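Visitor: can't give you the sequence, but here's the structure:
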């Protein structure tokens, strides 16, 4: 830790890896639940295709539109996950991009082809933006809380 800094600035690969894995789990878990609900509402059969198959992102029928809504709603849930897991506004862009890069790689592997659907790309840019800005907003609210300093704060600490 550097002298005179507020936070630990050392690179901690264990913490970073656990945060990335936690984010992936939380975001995919909530996305799975939301897509499940969307499929039930549309009367479709639930499968991983709705999460990883880029051809499923379309506006042609109710099922496709509900899957899009599930992805957008999940971006707000992902903002909460950033706030709970990462807790740093400065890192929200990094974790948002990491999640979506890993999602791109998984979709590429799942489909055995690179996503070429413009609606898939547009949806992922929109959800990455919502996830990042929402996470930054929530983290900034926590970071900007007043830190009590002075006699009253010291007195409260000694009473505990």
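Guide: Okay, I see it. For clarity, every value in this text was computed on a predicted model and none was experimentally measured.
Visitor: ok, so what distance separates residue 19 from residue 68?
Guide: Using C-beta to C-beta, to the nearest Å, residue 19 is found at 28 Å from residue 68. To be clear about C-beta, it is placed using only N, CA and C from the backbone, and glycine gets the same treatment.
Visitor: hang on, I meant residue 51
Guide: Going from residue 51 to residue 68 by C-beta to C-beta gives 12 Å.
Visitor: and if you look at residue 61?
Guide: 11 Å.
Visitor: of these two, which one has the most company?
Guide: Higher neighbour count among residue 61 and residue 68: residue 68, with 20 against 11, using other C-beta atoms under 10 Å.
Visitor: for the more buried one, what are its contacts?
Guide: Residue 68 is in contact with 57, 59, 119, 123, counting by C-beta atoms under 8 Å, 6 or more residues apart in numbering.
Visitor: do the same with residue 66
Guide: 38-39, 41-42.
Visitor: biggest separation within the residues you listed, which pair?
Guide: 39 and 41 (7.3 Å; C-beta to C-beta).
Visitor: what about these two, which has more around it?
Guide: Under the criterion of other C-beta under 10 Å, the comparison of residue 39 against residue 41 puts residue 39 first, with 18 against 13.
Visitor: quick check: phi and psi on the closest residue to that one other than its chain neighbours?
Guide: Closest residue to residue 39 apart from its sequence neighbours, by C-beta to C-beta, 6 or more residues apart in numbering: residue 46 at 4.6 Å. Dihedral pair for residue 46: phi -80, psi 130, per degrees, to the nearest 10.
Visitor: ok, residue 46 - contacts?
Guide: 35-36, 39-40.
Visitor: could I get those as JSON lines with distance to residue 141, pLDDT and secondary structure?
Guide: Converted to JSON lines, these look like this (distance: C-beta to C-beta, whole Å; pLDDT from 0 to 100; DSSP: H, G, I helix; E, B strand; the rest coil):
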{"residue": "35", "distance to residue 141": "29", "pLDDT": "95", "secondary structure": "helix"}
{"residue": "36", "distance to residue 141": "31", "pLDDT": "95", "secondary structure": "helix"}
{"residue": "39", "distance to residue 141": "34", "pLDDT": "93", "secondary structure": "helix"}
{"residue": "40", "distance to residue 141": "34", "pLDDT": "93", "secondary structure": "helix"}
